[in-house]
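> Turn this into a model:
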Amino acid sequence: MSKVHNVIIIGSGPAGYTAGLYAARAMLEPLMFAGYMSGGQLMLTSDVENFPGYPKGIGGPEMMIELREQAERFGLEVRDQNVESVDLSEQPYKVVVEGETFLTQAIIVSTGAESIWLNAPGEEAQKGRGISTCATCDGAFFKNEEVMVIGGGDSACEEATFLTRFASKVTLVHRRDTFRASTIMYERALKHEKIEIKTFRQVKEWLSDEKGLTGAVLEDPRDGTTENINVTGAFIAIGHKPITGFLEGQVEVDEEGYILHKRHTMTSVEGVFAAGDVVDTRYKQAITAAGMGCQAAMDVEKWLEDQH
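A predicted model of the protein is given here:
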């Protein structure tokens with residue numbers, strides 16, 4: 001515990017690995033706790049076609065492996081462990097990992113946000129094989145196919161409208177008959193000729209065969225009656241939950257729990273920075289997360305220089 005690290009990066013994914021790459025190249029000897037499920041949400045994405053530099057696309061897990069190897073080549077130390085807690089009350093900061101305490105001058109939080117899943121029967125096996133939480137990422141794989149979107153907010157209506165570029169039909173499923181979405185987003189979905197809206201419906205069970213998703217059993221929550229819907233793709237758009245529990249309220253967040261930037265990528269605590277989907281409530285793309293990871297590492301380098 002005697003060694004004080006320059007910077008500890010908590011979390012991996014595009015933001016964390018890019019931060020690690022830049023911090024390592026700046027000779028900061030960064031230490032990363034990537035988590036037991038390292039790589040972030042791209043580990044559930046079968047193909048990434050919208051990241052610059054991959055003209056033929058690349059698998060999400062493959063991209064994360066390459067990002068990690070690149071950062072490690074320059075000296076990033078990665079440990080596949082979860083951070084239990086941090087103590088930001090005084091410098092150097094304390095990071096507790098499996099009962100062991102590490103000291104650091106600066107921290108970059110890049111733990112991301114996890115999609116909220118339905119957890120209906122059959123869902124786990126079809127994640128990335130037809131069931132997705134990102135239409136922007138995966139919509140193009142469903143050209144001329146029938147898909148469904150689950151949710152009642154702006155994200156659901158926006159994703160349903162976006163998917164009409166590819167799919168032959170989009171069914172928007174919502175468990176109630178009132179939508180949280182803004183009027184303009186809802187009206188856009190309602191009036192689109194490719195979109196059918198089914199209210200008072202929730203997924204009771206996912207259906208699949210050896211090739212992947214084939215549909216779902218929809219249940220009416222009012223009386224329990226069911227119907228089957230045939231789709232090859234489904235997009236769950238019921239929200240995200242930022243992974244910030246280990247911070248125990250020591251860093252300022254918004255009403256949904258996303259970390260707030262105060263100056264560039266610095267949080268409300270001096271020397272604590274944040275990057276990627278743990279901050280981002282708007283874009284949630286691999287490229288924007290990577291860009292913010294770069295910014296955070298450069299901000300850390302400048303901040304450390306200013307301390308001396």
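
> Residue 107 is in what secondary structure piece?
Residue 107 belongs to strand 100-109 when assigned by DSSP states H and E.

> Give me the sheet partners of that strand and which way each runs.
strand 4-10 (parallel), strand 93-97 (antiparallel), strand 272-274 (parallel) (DSSP bridges).

> Check those for me and report the most buried one.
strand 272-274 (a mean of 29; mean count of other CB atoms under 10 Å). All C-beta spots, glycine's among them, are computed from the backbone N, C-alpha and C.

> next helix or strand past that one?
That would be, after strand 272-274 and using DSSP H and E, helix 286-307.

> Doesn't residue 68 belong to a strand?
No - applying DSSP: H, G, I helix; E, B strand; the rest coil, one finds residue 68 to be helix, outside a strand.

> circling back: can you put the strands paired with strand 100-109 in JSON lines and add mean pLDDT and distance to residue 77?
JSON lines is the format used below for these (pLDDT from 0 to 100; distance: least, CB to CB, whole Å):
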{"stretch": "strand 4-10", "mean pLDDT": "98", "distance to residue 77": "9"}
{"stretch": "strand 93-97", "mean pLDDT": "98", "distance to residue 77": "13"}
{"stretch": "strand 272-274", "mean pLDDT": "98", "distance to residue 77": "18"}
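
> re the thing from before, what residues of the strand holding residue 107 count as buried?
102, 103, 104, 105, 106, 107, 108, 109 (16 or more other CB atoms under 10 Å).

> roughly how far out does it sit from the chain middle?
23 Å (CA atoms, centre = their mean, to the nearest Å).

> cool, stretch 47-57 as well?
Relative to its chain's centre, stretch 47-57 lies at 18 Å (CA atoms, centre = their mean).

> swap in stretch 228-237?
20 Å.

> how close does residue 99 get to residue 155?
39 Å (CB to CB, to the nearest Å).

> With residue 55 instead?
For residue 55, the distance to residue 155 (CB to CB) stands at 29 Å.

> With neighbour numbers in mind, choose between the two.
residue 155 (22 against 7; other CB atoms under 10 Å).

> measure the closest residue to residue 35 other than its chain neighbours to residue 17 for me?
The shortest distance from residue 35 to any non-neighbouring residue, by CB to CB, 6 or more residues apart in numbering, is to residue 82 (5.2 Å). Here residue 82 is placed at a distance of 17 Å from residue 17 (CB to CB).

> Do a quick rundown of the strands in the stretch 51-200 of the chain.
Secondary structure of the stretch 51-200 of the chain (DSSP state E, counting those that start in this stretch): strands at 77-79, 85-87, 93-97, 100-109, 113-115, 131-132, 146-150, 169-173, 195-198.

> beta partners for the residue nearest the centre of the chain?
By CA atoms, centre = their mean, the mean C-alpha position of the chain lies nearest to residue 113, the distance being 4.5 Å. Beta-bridge pairing for residue 113 (DSSP bridges): residue 242.

> wait, it sits on residue 256?
No - checked against CB atoms under 8 Å, the pair residue 113 and residue 256 is beyond contact range at 9.3 Å.

> Common neighbours of these two, please.
Shared contacts of residue 113 and residue 256, defined by CB atoms under 8 Å, 6 or more residues apart in numbering, are found at residue 242.

> Of residue 82 and residue 17, which one has the most company?
residue 17 (33 against 17).

> Between strand 100-109 and the helix or strand where that one lies, find me the angle.
Counting by DSSP H and E, the element that carries residue 17 is helix 13-25. On the basis of axes from the mean of the first three to the mean of the last three CA atoms, to 10 degrees, helix 13-25 is oriented at 100 degrees to strand 100-109.
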